[in-house]
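# Sequence plus predicted model, see below.
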Amino acid sequence: MSARLECQQGDIANQPDIDVVVNAANAQLRTGGGVAGALHRAAGPELERACRPLAPIAPGQAVITEAFGLPNRHVIHCLGPVYGHDRPEAELLADCYRNALELAERHGLASIAFPALSAGAFGYPLAEAARVALTTVQETLPRCPGIERVRFVLFDAGSATLFQDTLESLDQTL
């Protein structure tokens, strides 16, 4: 795998060196709380207007729009599974990451930033979410040769450390 994987604390809505950011979307692709709220506020009302004809989406699905007021070229919107409700959770969560990477590849985007999909309001345990996310990205990248950088942007230092530790433990098992 030639792409660089990064895990850092930060604001997903402020990643100016990244081509596409991933939104932890709701099914209707509307402004919400957490990541969706931050991205929609930063992008401006044009983002919600661009999303309307693409909604609703199902768990695991990914769609792409322009980024409008964000410092990126595009936003990929993924609906992660609600833990304990949408099944099979791990498969649906993996589909989010796989579908987002494949969509970025098809659009010629070389760098992508992900939040911890489903790990906020959707209740996915963070350690398990990190393992599914990082494993899926590592397995998918060989089929996406145009992607040079994948960044996981986590809201707090503890989450960023957990993702980094998970990445290092997965790298040791390869």
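Perfect, thanks for sending it. Keep in mind that this is a model prediction, so the values were computed, not measured.
# list the contacts for the most centrally placed residue in the chain?
With distances taken as C-alpha atoms, centre = their mean, Phe114 lies nearest the centre of the chain, 3.2 Å away. Listed by C-beta atoms under 8 Å, 6 or more residues apart in numbering, the contact set of Phe114 reads 22, 97, 100, 133, 137, 150-153. For glycine as for every other residue, the C-beta is placed from the backbone atoms N, C-alpha and C.
# If we use 6 Å, what do you get?
Residues counted as contacts of Phe114 (C-beta atoms under 6 Å, 6 or more residues apart in numbering) are 22, 152.
# So in terms of bridging, what pairs with it?
Beta-bridge pairing of Phe114 under DSSP bridges involves Phe152.
# Look up the pLDDT of it for me, please.
pLDDT for Phe114: 98.
# for the one 5 residues further on, same thing?
At Ala119 the predicted local distance difference test score is 96.
# Excluding covalently adjacent residues, which one is nearest to it?
Nearest residue to Ala119 in three dimensions, chain neighbours excluded: Ala129, at 4.3 Å (C-beta to C-beta, 6 or more residues apart in numbering).
# Measure how buried the one you found is and give me the count.
Around Ala129 sit 26 other residues, with neighbours defined as other C-beta atoms under 10 Å.
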